[in-house]
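1. Kindly return the folded structure for what I paste below:
(chains A and B)
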Amino acid sequence: DQQVKQNSPSLSVQEGRISILNCDYTNSMFDYFLWYKKYPAEGPTFLISISSIKDKNEDGRFTVFLNKSAKHLSLHIVPSQPGDSAVYFCAASAYSGAGSYQLTFGKGTKLSVIP
Amino acid sequence: DVKVTQSSRYLVKRTGEKVFLECVQDMDHENMFWYRQDPGLGLRLIYFSYDVKMKEKGDIPEGYSVSREKKERFSLILESASTNQTSMYLCASSLLTRELFFGEGSRLTVL
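-> Just a heads-up that it's a prediction; the model follows:
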């Protein structure tokens, strides 16, 4: 059963408008959440993260919101730029023993920003 | 900057061949991971390692094995490649933090 769900496989947005990517999770043990961005033929790169003790984290054009009661997080990109076109993966982290953590990834949302 | 290097960007192999995918990180990270990425399936964890000579199965270990003889190197082995192992393979490393650093990926095609 999927513990991290990204229900929208794709999203198209006009340049300059807001992009909102959504992610839902089921495991209450997750206490840290990350967004990764991936271009074709490249490895994912870290974008932004949020701890479960917060409900918002902002970094430039990127803001992540966390609603713990709904087990939902979202990534907002404002304003969207053509270079933001990529696949975005939501990931959730829980302690996995031996002093380390595992990430569980969603299936990804492909964002296309139209000039 | 953290550098995770995967030895081969593109490989083409035949069914039944043994395949080695090598990964090296240069930041003395404790943890290393192998994922595969397939369209519509996201990133799925194959194996991970917390320390030298230590390995743990991820979500989809069948058909794969790993080796970690040195801290900086983590190898993924396909003992007998099959067509359903055609995929993008991603190596990652981390210190005792939540953030993974990924390599550029190895695109494997099994004919």
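2. how many other residues sit next to the nearest residue to residue B:40 once chain neighbours are set aside?
-> In space, residue B:40 comes closest to residue A:107 once its chain neighbours are excluded; the distance is 6.3 Å by CB to CB, 6 or more residues apart in numbering or on different chains. Where C-beta positions appear, they are placed from N, C-alpha and C, glycine not excepted. Residue A:107: 22 surrounding residues under other CB atoms under 10 Å in any protein chain shown.
3. And residue A:107, what's its pLDDT?
-> For residue A:107, the model assigns a pLDDT of 94.
4. can you check residue A:66 too?
-> Reading off the model, residue A:66 has pLDDT 98.
5. Get me the contact residues on chain B for chain A.
-> B:4, B:9, B:30-31, B:35, B:37, B:40-45, B:48, B:50, B:90, B:92, B:94, B:96-105, B:107 (CB under 8 Å from any CB of the partner chain).
6. Neighbouring strands - and their directions - for the lowest-mean-pLDDT helix or strand in chain A?
-> Among the helices and strands of chain A, strand A:100-105 carries the lowest confidence by mean pLDDT, DSSP states H and E, at a mean of 81. Within its sheet, and counting by DSSP bridges, strand A:100-105 is paired with strand A:86-97 (antiparallel).
7. which residues are in contact with the strand it pairs with?
-> A:3-4, A:6, A:21, A:23, A:25, A:27, A:29-39, A:44, A:47, A:73, A:75, A:101-106, A:108-111, B:42-43, B:98 (CB atoms under 8 Å, 6 or more residues apart in numbering or on different chains).
8. what about the chain, any weak spots by pLDDT?
-> Just going to use chain A. Applying pLDDT under 70 to chain A picks out residues A:97-100.
9. Chain B is the one I meant
-> Residues of chain B that meet the cut-off, pLDDT under 70, sit at B:1-2, B:96-97.
10. Please enumerate the strands of chain B.
-> B:4-6, B:10-13, B:19-21, B:23-25, B:31-38, B:42-49, B:56-57, B:65-70, B:73-78, B:87-94, B:101-102, B:106-110 (DSSP state E).
11. burial measure for the residue lying closest to residue B:88 once chain neighbours are set aside, as a count.
-> Computed as CB to CB, 6+ apart, the closest residue to residue B:88 that is not its neighbour in sequence is residue B:37, at 4.5 Å. By other CB under 10 Å, 22 other residues sit near residue B:37.
12. can you check residue B:59 too?
-> 12.
13. what does chain A put close to chain B?
-> Near chain B, the residues belonging to chain A are A:6, A:9, A:32, A:34, A:36, A:38, A:41-46, A:49, A:89, A:93, A:98-103, A:105-108 when assessed by CB under 8 Å from any CB.
14. Write the PyMOL selection for whichever of these are buried.
-> The PyMOL selection below is limited to those of those classed as buried (16 or more other CB atoms under 10 Å in any protein chain shown):
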select buried, chain A and resi 6+32+34+36+38+43+44+49+89+93+100+101+102+103+105+106+107+108
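15. Beta-bridge partners for residue A:105, please?
-> On the basis of DSSP bridges, residue A:105 is bridged to residue A:91.
16. Correct me if wrong: it contacts residue B:36.
-> No - proximity of residue A:105 to residue B:36 does not meet the contact threshold set by CB atoms under 8 Å, at 11.2 Å.
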